[in-house]
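In: The following comprises the amino acid sequence and a computationally predicted model.
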Amino acid sequence: MGAPPIRAARPAMSVTPALFEMLEARGWAVCDDSIAPAFRQQLYACSEAAWQAGRFHPARIGRGEAATRDETVRGDSILWLERRHGDAVMDAFMDWAAQLRAELNQRYFLGLRREEFHFSHYPVGTGYRKHFDQHRGSPHRRISLVLYLNPEWDADDGGELAIHAADDDTRESARILPQGGRLVLFRSELIPHAVLPCRRPRRALTGWFRTDAAA
Ligand SMILES: O=C(O)CCC(=O)C(=O)O
Ligand SMILES: [Fe+2]
């Protein structure tokens, strides 16, 4: 009797060539099947538990000393994913993201050296005004990633990610509903975007692939 065939464990997340092709052609890409539903659920539960435990803090705008809170600009609270939390779900996501960084470097020679992610929670009625993710004078953020965690979301719930045209930021080129499991990648220096006000608490995992070494 032969040995049973060895099956590689199904990775919790994967990114298809089509996603890279979209990213290359338009500077942004969206994909609904890069993450196993069970893993999305684990990330949601991890975020929810941390929220309930009061571990989120209000997000600020700007950098370093100059960072300020302005809820008319952005209304979310965040929690950074860090290895020191000793959370297996956060670690699994960061392992997956490190693989994605290797793949982005291989394809585009971006020289990405690290990534950073936070969970976000937008209370009802809040959003994030149009912005670029790359800060002025700091070119290190190159690729932005958003993974939506809400278990169910429909058009009436609002909270869309509005993508604006790279060459004319007054023109909206797409509105993306934050459906659970939906992954969006875009070029941080190129794509103006906004979060429209949501009518339900809105949860995501957001982050950036960067060219600088850890601080
Ligand atoms: O949650 C989103 O859809 C995007 C969030 C965002 O633009 C940001 O955190 O910079
Ligand atoms: Fe952003």
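Out: Sure thing, it's come through. Because the structure is predicted, anything quoted here is derived from the model rather than measured. Numbers count the residues shown, from 1 in each chain. Ligands and ions are numbered 1, 2, ... in the order given.
In: what's near enough to touch the residue most central in space within the chain?
Out: Centroid-nearest residue in the chain, with Cα atoms, centre = their mean: Val146, separated by 2.0 Å. If you count contacts by Cβ atoms under 8 Å, 6 or more residues apart in numbering, Val146 has them with 161, 183-184, 204-206. Glycine gets a C-beta too; all of them are placed from N, C-alpha and C.
In: make it 6 Å
Out: Contacts for Val146 were tallied using Cβ atoms under 6 Å, 6 or more residues apart in numbering; they are 184, 204, 206.
In: any idea how far the last one lies from ligand 1?
Out: Note on Thr206: its distance to ligand 1, by Cβ to the nearest ligand atom, to the nearest Å, is 4 Å.
In: How about residues contacting whatever helix or strand that residue lives in?
Out: Taking DSSP states H and E as the criterion, Thr206 maps to strand 202-210. For strand 202-210, the external contacting residues (Cβ under 6 Å, 6+ apart) are 47, 101, 112, 114-117, 119-122, 140-150, 159, 178.
In: ok, and which of the residues you listed reach ligand 1?
Out: Contacts with ligand 1 are made by 120, 146 out of those, judged by Cβ under 6 Å from any ligand atom.
In: Go through stretch 111-118 and flag the buried ones.
Out: Within stretch 111-118, the residues that count as buried by 16 or more other Cβ atoms under 10 Å are 112, 114-118.
In: ok, Glu160 - how many residues close by?
Out: Around Glu160 there are 21 other residues, counting by other Cβ atoms under 10 Å.
In: give me the element the closest residue to Thr72 other than its chain neighbours is part of.
Out: Excluding its sequence neighbours, the residue lying closest to Thr72 (Cβ to Cβ, 6 or more residues apart in numbering) is Arg129, at 7.6 Å. Here Arg129, judged by DSSP H and E, is contained in strand 128-131.
In: which residues touch Trp153?
Out: 178-179.
In: give me the element it is part of.
Out: Assessed by DSSP H and E, Trp153 sits outside every helix and strand.
In: Next: Leu104.
Out: If you go by DSSP H and E, Leu104 is part of helix 88-108.
In: Quick check: buried residues in that helix?
Out: By neighbour count on 16+ other Cβ under 10 Å, the buried set for helix 88-108 is 89-90, 92-94, 96-97, 100-101, 104.
In: Tell me which helix or strand comes right after that helix.
Out: Criterion used, DSSP H and E; the element after helix 88-108 is strand 114-122.
In: Check the offset of that next one from the chain's centre.
Out: Chain-centre distance of strand 114-122: 6 Å, with Cα atoms, centre = their mean, to the nearest Å.
In: swap in stretch 139-150?
Out: 4 Å.
In: That stretch: which residues count as buried?
Out: 140-150.
In: Quick check: the farthest pair among those residues?
Out: For these, the farthest-apart pair by Cβ to Cβ is His140 and Asn150; their separation is 29.3 Å.
In: Quick check, the residue in the chain closest to ligand 1?
Out: Leu161 (3.8 Å; Cβ to the nearest ligand atom).
In: got the contact list for that residue?
Out: Remark: with contacts taken as Cβ under 6 Å, 6+ apart, Leu161 is in contact with Ile176.
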